Structures are given as structure tokens and as C-alpha cells.
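1. here is my input; please provide its structure:
(chains A and B)
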Amino acid sequence: MTPVNVALIGYGLAGRVFHAPMIAAVQGLTLAAVVSSREEEIRKRHPAITVVRDSDEVFRDPSIALVVVATPNDSHFDLAARALKHGKHVVIDKPFALSSTEARELIALARGRLLSVFHNRRWDSDFLTLKRLIADGTLGEVAYLESHFDRLRPAVTPRWRERAGPATGIWYDLGSHLIDQALQLFGRPLAIFADLAARRPGAVTSDYFHAVLRYEKLRAVLKGDSLARADDTRFIVHGTRASYIKHGLDAQEPYLAAGGDPGDSEFGIDPRPGEIVLAGGAHHRVAAVRGDYRLYYCGVRETLRGTAPVPVTAGEALAVMEVLEAGERSSRERHEIPL
Amino acid sequence: MKQPLNVAVIGYGFGGRVFHAPPVARTEGLRLAAIVSKRKTEITRDHPGVAAVSSPEAVFSDPTIDLIAISTPNAAHFPLAAEALAHGKHVVVDKPFTTTVREARELARRAEAGGRLLTVFHNFRWYADYLALKKLISDGTLGEIKYFESHFDRHTPEVPDAWREKPGPASGTWWDLGPHLVDQALQLFGPPRAVKADMTIQRQAGTAVDFFHVLLRYDSLRVVLTSSFIAPADDLRFVVHGTKASFIKHGIDCRNGLDPHPGLLVMGDGVTKPVAAMRADDRSFYAAVRDAIAGTAPNPVPPAEAIAVMDLLELADRSAAEGRELDVP
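-> Numbering: from 1, shown residues only, chains lettered A, B, ... in the order given. As a prediction, the model looks like this:
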């Protein structure tokens, strides 16, 4: 089968750590071109790849079937729209766009082309494990989920993620992962209350969020904190039969950031798989499901071949945008926003 | 030596049996003189020699009784405390103080007018976990506190047949356990700017609030008070993030003796250090009450502090009902 030629736009953290290595690792996809000014860096890792400065070159190139947009959030819409207009399939890094309005416009432009968002944390080891623990009844009926993305970063950096503006800050950057996971597990909540704050000296966009997704009885609390010294708790999930307590973030990102190969035998194995706690305190280590971000791009490949549904539909990613916006509005207006 | 103060405990449910009668009986300078309850057999078994009486009138009108501790269902706190004060008794009321702020203010006014001691049993202030936290904050170990999460979780998926679990004013877990968590937060950080509360009934057979998740917003600090009754892993107590270190504490009941789970400090580089275990003494509250009545120490929980707790309990109820964050006046 002819491989699909992929062009990646952007070679910052997302392009370098996630997209380029994943695309390169998936059979049937060929990383053909990267749009970036970091030519040298790219050639070192991917010697055979064409590096261009202008995204128009890849839009005009008829051999490119799929364009991956991994740029700062404020250019997602423009680049994705142009790619779609040139008949390309499009993958966008999260968050989808700056607003649900932009996201809807892109969906309208897609018309038969693949349009998907890289919600890669559906393939985290701990999330896959949690999904299994819910599906196989280990936890019973879930009453409470607490999902964290905490880090200790007391100093504000000049990175684009920390600048002021629409769809910036930790809520859009990391909140989008936690929202997507919650929606995958429990569907659309009835309402959201969120407290977004900029708490570090010099912070101009959110560096803290505490969002409560209200369901009928269940509550999902999503938390992100840049001042959490014990940046450790990932999931606290209480069910009627057992709790799942998980510490430490999925190991794939640091593994890839350190230059590790997704083909390595230890890739995706979480060194801290978490615990099941039964009533009365008995606890045991979980047999964790292996994480694998390559599965996202395998899914994209299968979709393009017509053999599987899109791994993250544009509709699902739009729902994440709507919750992000509702959370922002809730924090501004200081009340729950029904969804 | 001075005569001990004669104490009568009204109510011999969980609170009277566990939290009031035993420490009163063991506190020097106090004498457990009478317990008002229908549970005479239990009282005679637990406290031989202590009068078990059926009616609170008997202790109100007994001139030898100096102090009355009220540990009844919440709705009876106000009428019993008012009656005790009217008879010139000193009064300890179990938390929550009353069922409304208005009642609490009224009791405070009457105690003040009568020159009697009125105090509320916010005994969590003397728990080992809280003493450890207070020390870590005051000695600068944690630095400036940016985040404080305080839990009281339990796994009781079946709803017990107890008055605490029945609907009504000031019922449910927010009014039962919330007062402890609110009082501690106020003691540590003072009044917040605003409160947003979420309360619900999670258990199938539940009829009163059995889950709360309450956010207290300060300038930069955030405080989260939370309680769940569906929580097999129910022992997380504190998560505290400061600018110098975090404090993670497990283990819920630390009211007497050396804390078996003193918790962990997490430093900036991820290095963890054990925390020196604190010792709690469940007589501390009553010893302080004794000294306050003797005039040698201040009231351990002045009515104004307990009223501030009531204010926040009510405000949070309203926030939950209206689904919005409310400013603390």
C-alpha cells in the first residue's frame, strides 16, 4: 500500500517531541516535509526530510496528503483552513483552535477530508488503565474523579503558552487534555464551574485551574497548578467498589523528550502504575495497560484507508473547546455554566 | 485545691459517648456529674457512679452543675443552650453551633449578658494532624501557602439510619463535618474573599447531602474543603502546597496520642522528608474550658469564631443552591 505523505508545520515542543517521532514511527505514514525555521535541528533527527520555511509549499505540493498543524494556538485556524482548502487531510495539535466558532468553521471546511485533533493523552498508560478499571467493573460505579496536571514552575517564561491572549495559559494548554479524558469517560457534563487564576509573579495568563464538572451524581474535578511542589497526584478516582490512586504523569513525553525511540521495548510502560484501594484499606498494584501515542497516528492511517473511524473526531474536539470556553466564562462570571 | 467543676453532658449518641463524656471524665478539675439520655444501661456501664437522667430540666435546675455540654441532634442545640444559659450554666455546644447564624448570634448575646462561658466544640483544633500543619506553617517550613486542600472522606456506601443522614435544616455532611474543616481553614488563613460550594447526594439511598466540594478564594491562596462518602481510599487528609515545600498527610482520626501517620514533606527538588509526629490529647479542649471558667485563660473557641464558621456554612449552602461564587461580606 502506498504510504501517506505527511507534512508537519511547526517544530516546537509538540512537533519535535510528539508529532515527528510518532509519524516517523508509524508504518504507512511518511514524514515528508517539515515547515519550520529550525532546519539544522530537524535534519539532525530526520536527515531525509525536506525542511521548508513557507507552509504554502506543502499546501501546493500534490504529493502531501496530510498536514499536521503543531504551531502556537493562534495560527491553528488559519493554517488548518488553508490546508483544508487545498484538499489536505488535517491533524491539529490541541487545543483545536482559539474558539469553538473557529472550530466549527474548520468543521464546515473539512467536507469529506479528515479533520482531527491530537488528543494524545487518550493513549496515556494511566488513562487506558482507568478506562479498563471502569469498564471491567473493578471500581464499581464511579462517584468522584480528580484529574491533575500539576508542575512546579514558579517562574514565568516568555514562551507563547504563557503570553496573554485568547486560548492561552495552562487551562487551554493542559486543561484540554483533562477535559477530553473526562468527556471520553463520562460524556458531556451538566455544568462546569471553574476557577482560573494567574498566581505567579508576572503571570499574565492562567497558571492555575480548578474546574468542577457536574454530572448527575458524579463529580469530575480537573486541576492544574504551576506551584505544586509535590507534582505527583495524577488520578484519584472513587467508585462504589474501589478507588484508583495514581501518581506521576505518563512516561511517554519525558521518554520522547530525552530522545527515546517509540520502538524501544520500554516505551509506554509506566514505572508507577498506580494502586487499587479497597474499602478498609487493602491495596494492590494495578496491572497497567501500556501507553502508546503511536496508536493515534495508526488510527489516522486506518481512517485514511477507510478501515476505521477517526481516532479523535472533530466533533469530540469541538466539545472540548466548548467546555474550555464555558470554564473560562464560568471563572470570569463566577457562576456555574450549564452545558 | 479548688472544687472540681461539675459537668453534665446532654446526649449520649456518638458525640456524647465518644467525644464529650470520656474526656470530661478524664480531665483534672472537671467531674462528669450527670448524663442526660435514655440510654441508662450504657451510661452505667461506661461511667459507673455518674447520674443518668432522662430530662435536661433535671440538670438545668440542679444548682451543683456548673457546665453543660450539649451533644444532641443539631436542631436541639439552640433551645437547650438557651435554657442552660438562662439557668446560669456555662455551656459547651457541639458543632455546628446552631442551625442558623441568627440563633448563634442570639446565644452569644445571652451568654455575654449573663456573663457565662459559651463555647463550641471545634475540637479538630487539637488534632495531631492540624497541630503538625500549624507548626509547619508557623515555623516557615512550607513557605507561603498557595494551596490548601482539606479532606474528610469515608467509605459508607450504605446509608446508616442516623439523624445526621436525614434531611432538614443544618443536616447532611456539610453541617456535620464541614464545621471542622471550615473552622480549621479560618484559624489558619482568616476569612476568604469568596466561596463557591458544590453539594450533592451521591448515594442511592441518601436523603441528605453526603458530598461537598467547597472552594474558598483568597488573594492568591486557594482552599478546597471536600468530603465524600463513596471513597474506598478514604484516608487523604491534607494536601498543602507552599512556596518552600508541600505537606501531604494521610490518616483521619488523630485526636489522641501520637499520630501514627505523621505525613510527608515534599521539597522543591522532589526529595521527601518525614514530618515529626505530633501528639494529640483529647482532653485539651475541656482543659481549656476549665481554665477559661477559672478566668486563667481565654475561651478556647469564642462565640465570635464559631459564628464566623456558621456564616460560612450558610453562605456555602446558598452558593451551592444558586450555583455561583459568593463574596464573603
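
2. measure the spatially most central residue of chain B to chain A for me?
-> The centre of chain B sits closest to B:His122, judged by C-alpha atoms, centre = their mean, with a distance of 3.4 Å. Separation of B:His122 from chain A (C-beta to the nearest C-beta, to the nearest Å): 26 Å. Placement of C-beta: from N, CA and C, glycine included.

3. how about the residue lying farthest from the centre of chain B, secondary structure?
-> Residue farthest from the centre of chain B, counting by C-alpha atoms, centre = their mean, is B:Asp269 at 36.1 Å. Using DSSP: H, G, I helix; E, B strand; the rest coil, the structure places B:Asp269 in coil.

4. what's the answer for A:Val310, then?
-> What three-state DSSP gives for A:Val310 is coil.

5. burial of residue 254, as a residue count?
-> Chain wasn't specified; assuming chain A. Using other C-beta atoms under 10 Å in any protein chain shown, A:Pro254 has 11 neighbouring residues.

6. actually, chain B is the one I wanted.
-> The number of residues near B:Cys254, taken as other C-beta under 10 Å, comes to 25.

7. what distance do you get for it to chain A?
-> 16 Å.

8. how about B:Ala320?
-> Computed as C-beta to the nearest C-beta, the B:Ala320 to chain A distance reads 10 Å.

9. now do the helices in the chain.
-> Just going to use chain A. Remark: helices assigned in chain A by DSSP state H are A:13, A:20-25, A:39-45, A:55-60, A:76-85, A:100-110, A:125-135, A:169-170, A:176-186, A:252-257, A:294-305, A:314-333.

10. actually it's chain B I care about, not the one you picked
-> Using DSSP H, the helices of chain B run over B:14, B:21-26, B:40-46, B:56-60, B:77-86, B:101-114, B:128-138, B:172-176, B:178-189, B:284-294, B:303-322.

11. which residue sits closest to A:Arg241, ignoring its sequence neighbours?
-> Distance criterion C-beta to C-beta, 6 or more residues apart in numbering or on different chains; nearest residue to A:Arg241, sequence neighbours excluded, is A:Gly140 at 3.1 Å.

12. ok, that neighbour to A:Tyr208 distance?
-> 32 Å (C-beta to C-beta, to the nearest Å).

13. now swap in A:Asp232 and tell me
-> 17 Å.

14. hmm, back to that, what's the most buried one of the helices of chain B?
-> helix B:172-176 (a mean of 24; mean count of other C-beta atoms under 10 Å in any protein chain shown).

15. the stretch 1-150 of chain A against chain B: which residues are in contact?
-> Proximity of the stretch 1-150 of chain A to chain B, by C-beta under 8 Å from any C-beta of the partner chain, involves residues A:143-144.

16. 10 Å - rerun?
-> Residues of the stretch 1-150 of chain A lying near chain B by C-beta under 10 Å from any C-beta of the partner chain: A:139-144, A:146, A:150.

17. show me how to select, in ChimeraX, the buried members of these.
-> To isolate the buried ones among the residues of the stretch 1-150 of chain A next to chain B in ChimeraX, judged by 16 or more other C-beta atoms under 10 Å in any protein chain shown, type:
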select /A:139,140,141,142,143,144,146,150
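
18. from the residues of the stretch 1-150 of chain A next to chain B, which land in strands?
-> Assigned to strands by DSSP state E, the following of the residues of the stretch 1-150 of chain A next to chain B qualify: A:142-144, A:146, A:150.

19. distance check, the residue farthest from the centre of chain B against chain A.
-> Taken as C-beta to the nearest C-beta, the span from B:Asp269 to chain A is 9 Å.

20. residues in contact with that residue?
-> Applying C-beta atoms under 10 Å, 6 or more residues apart in numbering or on different chains to B:Asp269 gives the contacts A:152, A:229.

21. show the backbone phi and psi for it.
-> Phi and psi for B:Asp269, reported as degrees, to the nearest 10, are phi -80, psi 10.

22. likewise for B:Pro300?
-> Torsion angles at B:Pro300 (phi, psi; degrees, to the nearest 10) stand at phi -60, psi -30.

23. correct me if wrong: it contacts B:Arg125.
-> Yes. Using C-beta atoms under 10 Å, B:Pro300 is in contact with B:Arg125, at 7.7 Å.

24. any shared contact partners between the two?
-> B:284-285, B:288.

25. ok, and of the residues you listed, which contact chain A?
-> The subset of these lying close to chain A, counting by C-beta under 10 Å from any C-beta, is empty.

26. the spatially closest residue to A:Pro309 that is not a sequence neighbour: neighbouring residues, count only.
-> Leaving aside its chain neighbours, A:Pro309 sits nearest to A:Thr303 (6.7 Å; criterion: C-beta to C-beta, 6+ apart). Using other C-beta under 10 Å, A:Thr303 has 17 other residues around it.

27. what's the pLDDT at A:Thr303?
-> For A:Thr303, the pLDDT comes out at 97.

28. give the contact list for it.
-> A:Thr303 neighbours (C-beta under 10 Å, 6+ apart): A:89, A:114, A:116, A:309-311, A:313.

29. could I get the shared contacts of B:Pro300 and B:Arg125 as JSON lines with pLDDT?
-> As requested, the shared contacts of B:Pro300 and B:Arg125 are exported to JSON lines (pLDDT from 0 to 100):
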{"residue": "B:Ser284", "pLDDT": "98"}
{"residue": "B:Phe285", "pLDDT": "98"}
{"residue": "B:Ala288", "pLDDT": "98"}
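
30. quick one: which two of the ones in strands among the residues of the stretch 1-150 of chain A next to chain B are the most distant?
-> Across these, the longest distance by C-beta to C-beta is 22.6 Å; it joins A:Ala143 and A:Asp150.

31. distance between the ends of stretch A:109-118?
-> End-to-end distance for stretch A:109-118, by C-alpha to C-alpha, to the nearest Å: 18 Å.

32. run the chain-centre distance for that stretch.
-> Distance, stretch centre to chain centre, for stretch A:109-118: 17 Å (C-alpha atoms, centre = their mean, to the nearest Å).

33. so A:Gly327 touches A:Ile179, yeah?
-> Yes. At 7.9 Å, A:Gly327 counts as touching A:Ile179 under the criterion of C-beta under 10 Å.

34. redo the helices of chain B as CSV? Include distance to A:Thr50.
-> Shown next, in CSV, are the helices of chain B (distance: least, C-beta to C-beta, whole Å):
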stretch, distance to A:Thr50
helix B:14, 74
helix B:21-26, 79
helix B:40-46, 85
helix B:56-60, 89
helix B:77-86, 78
helix B:101-114, 71
helix B:128-138, 57
helix B:172-176, 62
helix B:178-189, 58
helix B:284-294, 74
helix B:303-322, 57
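
35. for A:Val51, name its beta-bridge partners.
-> For A:Val51, the beta-bridge partners under DSSP bridges are A:Val34.

36. give me the number of residues near it?
-> By other C-beta under 10 Å, the burial measure for A:Val51, its neighbour count, is 17.

37. roughly how far apart are it and A:Arg285?
-> As for A:Val51, its distance to A:Arg285 is 45 Å (criterion: C-beta to C-beta).

38. where does the residue nearest to A:Arg241 land on pLDDT?
-> A:Gly140 is assigned a pLDDT of 97 by the prediction.

39. and for A:Ala230?
-> pLDDT, A:Ala230: 68.

40. likewise A:Ala251?
-> A:Ala251 carries a pLDDT value of 96.

41. how about the contacts made by A:Ala288?
-> A:125-126, A:128-130, A:132, A:246, A:268-274.

42. then B:Ala245?
-> Neighbour list for B:Ala245: A:229-230, B:136, B:140-143, B:264-268, B:271-273 [criterion: C-beta under 10 Å, 6+ apart].

43. how about a cut-off of 8 Å?
-> Contact analysis of B:Ala245 by C-beta atoms under 8 Å, 6 or more residues apart in numbering or on different chains lists A:229, B:136, B:141-143, B:265-268.

44. beta-bridge partners for it, please?
-> Bridge pairing for B:Ala245 - DSSP bridges - gives B:Met267.

45. distance of it from B:Val266?
-> B:Ala245 is 6 Å from B:Val266, by C-beta to C-beta.

46. which neighbours do those two have in common?
-> By C-beta under 8 Å, 6+ apart, the residues touching both B:Ala245 and B:Val266 are A:Arg229.
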